[in-house]
Each structure stands twice: as C-alpha cells, then as structure tokens.
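Student: Have a look at this prediction, sequence included:
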Amino acid sequence: MKSLKYILFFIVIFTSCKTTKNMMDANAIAKNISARKVAKKHIAANFDKKTVDAKLKVNFDNGKTKQGLTVNLKIKKDEVIWLKGSKFLTVFKAEITPTSVRYYSSVFKNSFEGDFSMIEKLLGVEINFEQLQNLFLGQSLLNVKEIDQKVEIANNRYILSPEKQAALFDIFFTINPAHFKLDEQNIVNTEKNLRLDVNYPSYNLVQNSVFPSAVNIVAKNPKSTTIIDLVYKSVIFDTDVFMSFNIPNSLKKLSF
C-alpha cells in the first residue's frame, strides 16, 4: 500500500511536469501545419482566468513627453480594466469598460469621460475593449478564427495574416510554436502612414498560465511616434480585486 502511494505520487509529479513542458516548450519547432490549426492552437492558448492583479513598470515616450511610472493593473476579464499610475504619488487613474473610458489626473488637473477616442488617439488605430484586453494578455487583437487566414513560417515562427486583408489595414500575427501565444502583432496602413507594432519579448508560466513578462508598443502616425514599454514586475490571478474610481470635481475635461 505504501509503495502504491509513492507510485501515484511520482505519476502526479511526472504528469504535472509534462503539462508544464507542453505549455512552454523552448525547443519547439514550427512545423508545416495549416493556418486553421495554428489559429485554433492560438485560441486554445487564450488566457482563461477571471481576474488579473499586476504591478508593471511603464515607460512612455511620444517625443514630447517622456515618463516612467509604476502602474497597478487590475482586470476583471471581459468587464473592466483598471489602471493606476504612480511616481511617489498617484499620477493618474483610468477605468475602462466595454462601453466607456474614464480617466483623471490630479497632477495634470484633467479628466476624460467618454468612448475609446482617447485610447485610439494614443495608439493611432481604432480599438475596442476586447482588443485592448487582448493586448495586455498576449492575444491577437482580432479573432483569427473569424476570418480565413494564410500562414507562412519565418525564423521558426508562424506568421498568420488574413487571406483577404481589410480595405485600410494590413494585419499580421507572429505566433510562437513554444506556446502558441504571440511574439508580435502588426497593424499597418501604408496609405495613411499609420502603424501599430506590439511585441512580446518573453513569457513566464504563472499559476499554470502562459503570461507575457513584457509588452513593447510602438504606434506611428505622420506626426509622431509613441513608444510604450510595459514590464510585468508581479502578477496574480483569480483574487478579489478592489477598483476604486471617483473623478474629483474642478478638473479640466479633455476632448478628442
């Protein structure tokens, strides 16, 4: 009976290690498989926890403002994204839901309540709540299963792109065969000289979820280039997340 207990223990340990290895296989090789299968595996690797509570180091540079902040990020998946940026004191707070964006800064004495125009101005492309959430989680901004995709292999990575690109934008998703999360996603409008590049240089295994350790965002338009570098310093999932948000009176209201 004692021997059976040890056998079962080693089976559990072996199975757990095998599962972890399969989730992040550093030696994985991009094989010749269909675009449909790559898309299916990417969707299967989507983040499946209910909440995120993270601390990030964020560097922002748009050519006019260069700022480094510590940012607390909290997400109730598919419901709300909450951000608090600090540098010795609270610089800004933001609350983003599928239908609204609210922001205020007691330091800069301004606020915003409205739609996604503020974030679209920041990133240079139209974006909705789900896409912004996916950006933080290492998932594709567009559903790769809704549109027929084509695939090629470059540098041991899968490059997915729609068989028929959108009228205004060319879209590319670079998927890592080690875990089928994104290495890069690129949205390009050559005619209007607009470009959004999102890179995920590495991932960690956190509570049995493959999660980005950093996100690098470069948004270009004819007038400026905005660079946002995010580094996750800590992250936990499926905890109670408290998100206080009250815009003080007397702040200047921004419009976009």
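Tutor: That came in fine, so what should we check first?

Student: Would you list the strands that the helix or strand where Y103 lies pairs with, along with their directions?
Tutor: Following DSSP states H and E, one finds Y103 within strand 101-105. Sheet pairing of strand 101-105 (DSSP bridges) gives strand 89-96 (antiparallel), strand 110-114 (antiparallel).

Student: how about TSV for those, with distance to A26, mean neighbour count and mean pLDDT added?
Tutor: All C-beta spots, glycine's among them, are computed from the backbone N, C-alpha and C. Shown next, in TSV, are the strands paired with strand 101-105 (distance: least, CB to CB, whole Å; neighbours: other CB atoms under 10 Å; pLDDT from 0 to 100):
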stretch	distance to A26	mean neighbour count	mean pLDDT
strand 89-96	34	17	95
strand 110-114	43	17	94
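
Student: Identify the residues contacting F88.
Tutor: Taking CB atoms under 8 Å, 6 or more residues apart in numbering as the contact definition, F88 lies against nothing.

Student: Out of the strands paired with strand 101-105, which is closest to A214?
Tutor: strand 89-96 (20.3 Å; CB to CB).

Student: so what secondary structure elements neighbour the helix or strand V231 falls within?
Tutor: Element membership for V231, per DSSP H and E: strand 225-237. Contacts defined by 3 or more CB pairs under 8 Å, 6 or more residues apart in numbering; DSSP states H and E place strand 225-237 against strand 51-61, strand 203-206, strand 209-212, strand 214-220.

Student: for K41, phi and psi?
Tutor: phi -70, psi -40 (degrees, to the nearest 10).

Student: so what's it up against?
Tutor: 175, 180.

Student: Equivalent analysis for K181, please.
Tutor: Counted by CB under 8 Å, 6+ apart, K181 has contacts 42, 45, 138-139, 175, 200, 203, 210, 212.

Student: excluding its backbone neighbours, what's nearest it?
Tutor: G138 (4.6 Å; CB to CB, 6 or more residues apart in numbering).

Student: Next: P201.
Tutor: Closest to P201 by CB to CB, 6+ apart is A214, at 5.3 Å.

Student: Helices of the chain, residue ranges please.
Tutor: For the chain, the helices defined by DSSP state H cover 2-23, 35-44, 117-123, 129-137.

Student: which stretch in those helices is the model least sure about?
Tutor: Note on the helices of the chain: lowest mean pLDDT is at helix 2-23, with a mean of 42.

Student: how close does the residue nearest to K181 sit to F173?
Tutor: Applying CB to CB, to the nearest Å, the value for G138 to F173 is 11 Å.

Student: just H42 next, same as before
Tutor: From H42 over to F173 (counting by CB to CB), the distance is 8 Å.

Student: Compare those two (neighbour count), which wins?
Tutor: F173 (26 against 23; other CB atoms under 10 Å).

Student: for K93, what are its contacts?
Tutor: For K93, the contacting residues are 82-85, 103-105, 245, by CB under 8 Å, 6+ apart.

Student: do the same with K50
Tutor: K50 is in contact with 76-77, 237-238, counting by CB under 8 Å, 6+ apart.

Student: Can you pull out the low-pLDDT segments for the chain?
Tutor: Judged by pLDDT under 70, the chain has its weakly predicted residues at 1-23, 124, 167-168.

Student: Many thanks, we can stop here.
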